[in-house]
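Undergrad: quick one, structure for this:
(4 chains)
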There are 2 protein chains.
Amino acid sequence: MAKSPKISASHEPGGLIVHISGLLPSLSPAEQRVARLVVSDPAAAARRTITDLATAAETSEATVIRFCRSVGMDGYPQLRIRLAAEAARRIEPPDARVVGGDIPPGADLAQIIATIAFNDARAVEETAEQLDPAVCEQVVEAISGAGRIDIYGAGASGFVASDFQQKLHRIGRIAFYFPDVHTALTSAALLGRGDVAIGISHTGTTSDVIEVLEQARTRGAATVALTNFPRSPIADVADFVLTTAARETTYRSGATASRLAQLTVVDCLFVGVAARNRARARKALEATAEAVQSHRVGANRRRA
Amino acid sequence: MAKSPKISASHEPGGLIVHISGLLPSLSPAEQRVARLVVSDPAAAARRTITDLATAAETSEATVIRFCRSVGMDGYPQLRIRLAAEAARRIEPPDARVVGGDIPPGADLAQIIATIAFNDARAVEETAEQLDPAVCEQVVEAISGAGRIDIYGAGASGFVASDFQQKLHRIGRIAFYFPDVHTALTSAALLGRGDVAIGISHTGTTSDVIEVLEQARTRGAATVALTNFPRSPIADVADFVLTTAARETTYRSGATASRLAQLTVVDCLFVGVAARNRARARKALEATAEAVQSHRVGANRRRA
DNA sequence: CGCTTGGTGAAAGTAAGTTTCACCCGTGGC
DNA sequence: GCCACGGGTGAAACTTACTTTCACCAAGCG
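TA: Okay, the predicted model is just below:
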């Protein structure tokens, strides 16, 4: 077992629910069953006794206790009251729209739009809620003082990486993004102390990205991970871990909400860096805006 | 005192606290001591065990139970969670965060995060609100039946275009994105009836995108514009106009919220298309997910 | 193939919550 | 003044909920 009694119960400022769903994949199967019950209906869970909940999750009370500890609570009663508080706080159900779940088969476009917007917006909000400003601050500082910034990401996270690269570039920071692993590895090998490497992976298990980040780290660069799962492998190779809070229910692997959550974090870092030197950033932004001016057609009016 | 053991356990509409203090005088002395403790600090009471609370009120557990029954609860645990919920709710209001507007110069990271998240989330929500489901439906239909789909976008909108392309590709639609205008023009020239061209431009004035979209239109393709400004030039060359609702206050040209709004629309279209043929889409998604499986490292857990 | 190791639930143990009951004490009748 | 009487109360018995311990199992590893 060798279980340390407390697991950095540290910082779960944003909702407890968000926190739980974040480390859902790092839980054991039986604990995951419990977690899913809790996340799907916190209020109901708060009303249940431990035996009840254990039965519902098809497991033993012992596992429920273990789950409580895993998410940083002292025991079941504490979880219960936190859950109740949480549930009360979220005024949510504006109307009985399809909240968490998948899009129902027979849904029409209006429903789809409402559901997606709701989930997307929530991902953004919840991500912001649980973001640790202190860690952000450190990352912003690292980026601000970096000689060079490498950003890695594959697949859908690649777009985010690319977006971040462009943003930093526009305010005069030397940033790179590599769509190709080999190139990325090469680049990482050239990093050194004072440089920053940022790896983006929703699942936190993308081996390419982890590998590159690791390379960067051994070269002395400060490494940052952006993932939805704080205990995923990518966290092992990162000096700083920033987490998103996307549930990604609809069309698994479709990577809809996760992107938005990632982009929100990127926005925060970007603005944070820009705010460190407003004058310079603004000037750079204006210059870049001006540069594309000739590619804009006249007045934005027309068609009375 | 002649007190009937239960007091219309029914349903106390206003706060539980209010309810309790209301019938405080009708309680027995010992129960009153308990009640006062509870009313003065509900949150603290919720954290206490029954023995604890009894001691604090200088009475026995039995009296606390009686008190619970007197105020309409089943027992102590129920009172506890109700109390926790109540306490949580009344902390909520003081949430006067920096709403609209730009980031103030002296802002710290926490403020920046809150502001960005708020604006981002609002962009998403407002975009969804004003999206016309009918137009979406038509676009979805066009995409679903298209022989080929070209997606154009420059700068920040290029990422969105690229993201959309990848999404459609993943569910088996033949879609292209061109980072280069020349290539895009060439491609547009080869479009024909039954094909779809989608142009993305936040301002709606990006001449490159407009030009390409125009080309596509003259070749007989159905053209779709995604822009924040419905009366911008791009609308003139589009058969269907979809609009976002981003205000883009912070760091103009930084393109933070606009991207998210665009992506939300992309998500809607994507899910709409996927929903038209769930089986096929799901199968395709699973296949693609499986394809990258070997690039994922093992279990998402660690740190005993 | 045996050894570890993490996940698990049964059972034992402890603490929390609930019920019972006898006692106290003030009240009112005899 | 004595004696029911009855609500209010806490001690103790009791029940249920929660927690810990431990042995087992299955998977991974040398």
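Undergrad: C-alpha only now, for contacts and for neighbours.
TA: Fine.
Undergrad: what's the burial count for residue A:192?
TA: The number of residues packed around residue A:192, counting by other Cα atoms under 10 Å in any protein chain shown, is 18.
Undergrad: and if you look at the one 10 residues further on?
TA: Other residues within reach of residue A:202, judged by other Cα under 10 Å, total 27.
Undergrad: for the helix or strand hosting residue A:77, which helices and strands make contact with it?
TA: Per DSSP states H and E, residue A:77 falls inside helix A:76-89. Judged by 3 or more Cα pairs under 8 Å, 6 or more residues apart in numbering or on different chains; DSSP states H and E, the packing partners of helix A:76-89 are helix A:16-22, helix A:42-47, helix A:61-70, helix B:42-47, helix B:76-91.
Undergrad: dump the C-alpha coordinates for the longest helix along chain A into CSV.
TA: What stands out as the longest helix in chain A, according to DSSP state H, is helix A:109-130. Output of helix A:109-130 as CSV, limited to C-alpha atoms (Å, rounded to 0.1, in the frame of the first residue of the first chain):
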residue,chain,number,x,y,z
LEU,A,109,-30.4,21.6,-34.7
ALA,A,110,-31.7,24.0,-32.1
GLN,A,111,-31.2,21.4,-29.4
ILE,A,112,-27.8,20.5,-30.7
ILE,A,113,-26.8,24.2,-30.6
ALA,A,114,-28.1,24.7,-27.1
THR,A,115,-26.4,21.6,-25.8
ILE,A,116,-23.0,22.4,-27.4
ALA,A,117,-23.1,26.0,-26.3
PHE,A,118,-23.9,25.0,-22.8
ASN,A,119,-21.1,22.4,-22.6
ASP,A,120,-18.6,24.6,-24.3
ALA,A,121,-19.4,27.6,-22.1
ARG,A,122,-19.3,25.4,-19.0
ALA,A,123,-15.9,24.0,-20.0
VAL,A,124,-14.6,27.5,-20.3
GLU,A,125,-16.0,28.6,-17.0
GLU,A,126,-15.0,25.6,-15.0
THR,A,127,-11.6,25.6,-16.5
ALA,A,128,-11.1,29.2,-15.3
GLU,A,129,-12.5,28.4,-11.9
GLN,A,130,-10.0,25.6,-11.2
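Undergrad: which helices and strands does that helix pack with?
TA: Judged by 3+ Cα pairs under 8 Å, 6+ apart, helix A:109-130 is in contact with helix A:16-22, helix A:257-276, helix B:109-130, helix B:133-145, helix B:257-276.
Undergrad: and of those, who's closest to residue A:38?
TA: helix A:16-22 (7.9 Å; Cα to Cα).
Undergrad: count of residues packed around the residue in the stretch 101-250 of chain A that DNA strand D sits nearest to?
TA: Proximity to DNA strand D, evaluated over the stretch 101-250 of chain A using Cα to the nearest atom of the strand, is greatest for residue A:233 at 14.6 Å. Close neighbours of residue A:233, defined as other Cα under 10 Å, add up to 24.
Undergrad: how about the helices and strands packed on helix A:109-130 in JSON lines, adding mean neighbour count?
TA: Listed next are the helices and strands packed on helix A:109-130 as JSON lines, based on neighbours: other Cα atoms under 10 Å in any protein chain shown:
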{"stretch": "helix A:16-22", "mean neighbour count": "22"}
{"stretch": "helix A:257-276", "mean neighbour count": "25"}
{"stretch": "helix B:109-130", "mean neighbour count": "23"}
{"stretch": "helix B:133-145", "mean neighbour count": "18"}
{"stretch": "helix B:257-276", "mean neighbour count": "25"}
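Undergrad: kindly reformat the ones you listed as JSON lines containing distance to DNA strand C and mean pLDDT.
TA: Below are the helices and strands packed on helix A:109-130 laid out as JSON lines (distance: least, Cα to the nearest atom of the strand, whole Å; pLDDT from 0 to 100):
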{"stretch": "helix A:16-22", "distance to DNA strand C": "15", "mean pLDDT": "83"}
{"stretch": "helix A:257-276", "distance to DNA strand C": "26", "mean pLDDT": "90"}
{"stretch": "helix B:109-130", "distance to DNA strand C": "34", "mean pLDDT": "85"}
{"stretch": "helix B:133-145", "distance to DNA strand C": "43", "mean pLDDT": "93"}
{"stretch": "helix B:257-276", "distance to DNA strand C": "34", "mean pLDDT": "89"}
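Undergrad: any residue of the helix or strand residue A:157 falls within up close to chain B?
TA: If you go by DSSP H and E, residue A:157 is part of helix A:156-170. Yes - interface with chain B: helix A:156-170 contributes A:156, A:159, A:162, A:163, A:167 (Cα under 8 Å from any Cα of the partner chain).
Undergrad: kindly report the same for stretch A:131-145.
TA: Yes - against chain B, stretch A:131-145 shows contacts by Cα under 8 Å from any Cα at A:133, A:136, A:137.
Undergrad: list the contacts of the first one.
TA: To tie it back to what came earlier, the one meant is residue A:133. The neighbours of residue A:133, taking Cα atoms under 8 Å, 6 or more residues apart in numbering or on different chains as the test, are B:109, B:110, B:113.
Undergrad: residue A:47 contacts residue B:82, correct?
TA: No - in this structure residue A:47 lies outside contact range of residue B:82 using Cα atoms under 8 Å: 9.5 Å.
Undergrad: okay, and the common contacts of these two?
TA: residue A:84.
Undergrad: just want to know which of those two has more residues nearby.
TA: The neighbour comparison of residue A:47 against residue B:82 (other Cα under 10 Å) goes to residue B:82, with 25 against 18.
Undergrad: the more buried one reaches residue A:84, doesn't it?
TA: Yes - if you go by Cα under 8 Å, residue B:82 and residue A:84 touch, sitting 7.4 Å apart.
Undergrad: give me the element residue A:176 is part of.
TA: Per DSSP H and E: strand A:175-177 holds residue A:176.
Undergrad: so does that strand get close to chain B?
TA: No - shown here: strand A:175-177 not in contact with chain B (Cα under 8 Å from any Cα), separated by at least 13.2 Å.
Undergrad: and what of stretch A:233-241?
TA: Yes - counting by Cα under 8 Å from any Cα, chain B has neighbours in stretch A:233-241: residue A:233.
Undergrad: show the end-to-end separation of that stretch, please.
TA: End-to-end distance for stretch A:233-241: 11 Å, by Cα to Cα, to the nearest Å.
Undergrad: so for that stretch, mean pLDDT?
TA: Computed over stretch A:233-241, the mean pLDDT rounds to 91.
Undergrad: show me what counts as buried in it.
TA: A:233, A:234, A:235, A:236, A:237, A:238, A:240, A:241 (16 or more other Cα atoms under 10 Å in any protein chain shown).
Undergrad: rewinding a little: between the contacts of residue A:133, which is nearest residue B:62?
TA: residue B:110 (46.8 Å).
Undergrad: next, the spatially most central residue of chain A: phi, psi?
TA: Against the mean C-alpha coordinate of chain A, by Cα atoms, centre = their mean, the closest residue is residue A:244 at 1.3 Å. For residue A:244, the backbone dihedrals (degrees, to the nearest 10) come out as phi -100, psi 170.
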